[in-house]
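> Predicted structure and sequence below. I'll ask about it afterward.
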Amino acid sequence: MQNIQNSTAVTSSSSVGARTGCGAALSSSSSSAAADSSGAIPEHKSSKISDGGGGVCGGSSGDSCSLHDPAAAAATKEEQPLAIHYLASFHEICIVTALLPLVTLFTCFVTAYVYQYDDVHETHCRVYNIIPSISAITGVSPQRYFWRFSIALHIGPRIPIAFVYKNYYRSQLKRISPELVPQASWLISLILVLNCIEIASLGGVTYISNRENYPVHERIFITFMICSLCYMLATIKLNGLLHAGQSLNVQQQQSIKWKKFFFVASILSTIGLLIFFAKHRFYCHDLAFSWFAFFEYLIAIANMLYHFTIIWDFPSQYMVIVQGPLENISQYLSSRPKID
């Protein structure tokens, strides 16, 4: 009768362990201690239940159970659904970002020329002038606030676009010969740095006007010009490496052709700007400042349109903000068909 009670107690203890949710069995040491010489089940103070997969459960008075099963954890991740919170056409974002400063610049020029003619044509030489500079039309109010607001909206998307370009170029390194990979990788890093400096300089030259602090404004503008030209040249050189000996589609041909055109236009406009800046600054020639402003507009427009060639580099991409485990997101994106 006593033996029957002992076996019944062991069975009952095992049933309690199974009901803890761990699917566990008593360890051998606990089983052997279940039936001692006195024929009674001793009180378990530190006995543990092992689930066989890394989980450990306490064996007394309903202790909690901790589960560390890798297979169960993976199954839990697979059950978590992916939630897309934002989906937008990257192509449309790039168009708005590139055209925003161009439209704003034209609006500032027209309104300042019509309503604030005397203010925007004032120079230190006091000579005849018909074309105001960009600093002049964006330095008067209310055009100042409109221009600064527009540049703030423009700079925001430019920063992630710079890193998108970096990843876009790196994804094409596998198509070129191995001996060209180090040079192309170096150019990709250089392009990212130059692009970021150009964006920062654009913000600096916008928010530090020539009327507030002319020496700082002038130095930031020079930095912007140098980084912009170097960025254009490095991008054209990189595209030559990535597409050497390969057939290009129509969009790639358009992108490379217009990049080269706007780079040449920027170089020629920079030469003209430097010549007439010297004539205005040191000799105060009539209309010298107007020619300087004219080439300044050409440089700004060429720079904006150069960045507008992004519409051929990313014709059908989308920007997505998705929530879920990283493994699930990677698996989902790799299994989806690519949209051409």
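Good, I have the coordinates. Residues are numbered from 1 along each chain as shown.
> Tell me, how many residues neighbour residue 321?
10 (other C-beta atoms under 10 Å). Heads up, the C-betas are built off the backbone N, CA and C, glycines and all.
> my read is it is in a strand, agree?
Yes: according to DSSP: H, G, I helix; E, B strand; the rest coil, residue 321 belongs to a strand.
> Pretty sure residue 84 is one of the things it touches, is it not?
Yes: between residue 321 and residue 84 there is a contact under C-beta atoms under 8 Å: 7.3 Å.
> Next one, pLDDT for residue 281 please.
At residue 281, the predicted lDDT confidence score is 85.
> Near it, how many other residues are there?
By other C-beta under 10 Å, neighbour count at residue 281 equals 13.
> cool, and residue 284?
For residue 284, using other C-beta under 10 Å, the count is 14.
> what are the ranges of the strands in the stretch 201-340 of the chain?
All strands of the stretch 201-340 of the chain, identified by DSSP state E, counting those that start in this stretch, fall at 318-323.
> what's the answer for the stretch 51-200 of the chain, then?
56-58, 65-66, 83-89.
> Next, give phi and psi for residue 246.
Main-chain torsions, residue 246, degrees, to the nearest 10: phi -120, psi 150.
> The one 3 residues further on now?
Its backbone dihedrals place residue 249 at phi -80, psi 180, with angles given as degrees, to the nearest 10.
> Distance of it relative to residue 313?
12 Å (C-beta to C-beta, to the nearest Å).
> For these two, indicate the residue with more neighbours.
The residue with more neighbours, out of residue 249 and residue 313, is residue 313; 20 against 10, by other C-beta under 10 Å.
> Leaving out sequence neighbours, find the closest residue to that one.
residue 255 (5.5 Å; C-beta to C-beta, 6 or more residues apart in numbering).
> Now do the contacts for the one you found.
Going by C-beta atoms under 8 Å, 6 or more residues apart in numbering, residue 255 touches 239, 309, 312, 313.
> looking at it, the last one is touching residue 168, isn't it?
Yes: between residue 313 and residue 168 there is a contact at 7.0 Å, judged by C-beta under 8 Å.
> how about the helices in the stretch 151-300 of the chain?
181-207, 214-242, 250-278, 288-308 (DSSP state H, counting those that start in this stretch).
> out of the contacts of residue 255, which are inside helices?
239, 312, 313 (DSSP state H).
> what about the stretch 201-340 of the chain, any weak spots by pLDDT?
Low-confidence segments of the stretch 201-340 of the chain, defined by pLDDT under 70: 333, 336-340.
> give me that answer again for 80
245, 316-317, 319-320, 324, 326, 328-340 (pLDDT under 80).
> Let's have the ones in helices among the contacts of residue 255 in TSV, adding distance to residue 90.
Shown next, in TSV, are the ones in helices among the contacts of residue 255 (distance: C-beta to C-beta, whole Å):
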residue	distance to residue 90
239	19
312	13
313	10
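> for the residue nearest to residue 112 when sequence neighbours are not counted, what are its contacts?
Leaving aside its sequence neighbours, residue 112 sits nearest to residue 137 (C-beta to C-beta, 6+ apart; 4.1 Å). Neighbour list for residue 137: 105, 108, 109, 112, 113, 120, 143 [criterion: C-beta under 8 Å, 6+ apart].
> Tell me which of those has the lowest pLDDT.
The lowest pLDDT within those belongs to residue 120, with 86.
> Pretty sure it sits against residue 134.
No: contact criterion C-beta under 8 Å: residue 120 and residue 134 do not qualify, at 10.2 Å.
> who's more crowded, those two?
Using other C-beta under 10 Å as the criterion, residue 120 and residue 134 rank with residue 120 on top: 23 against 20.
> distance of the more buried one from residue 200?
In terms of C-beta to C-beta, residue 120 sits 27 Å off from residue 200.
> I'd guessed residue 83 sits against residue 321; true?
No: using C-beta under 8 Å, residue 83 makes no contact with residue 321, being 9.5 Å away.
> and residue 92, how many residues sit next to it?
Residue 92 has 12 nearby residues by other C-beta under 10 Å.
> And the pLDDT for it?
88.
> I am finished for the moment; much appreciated.
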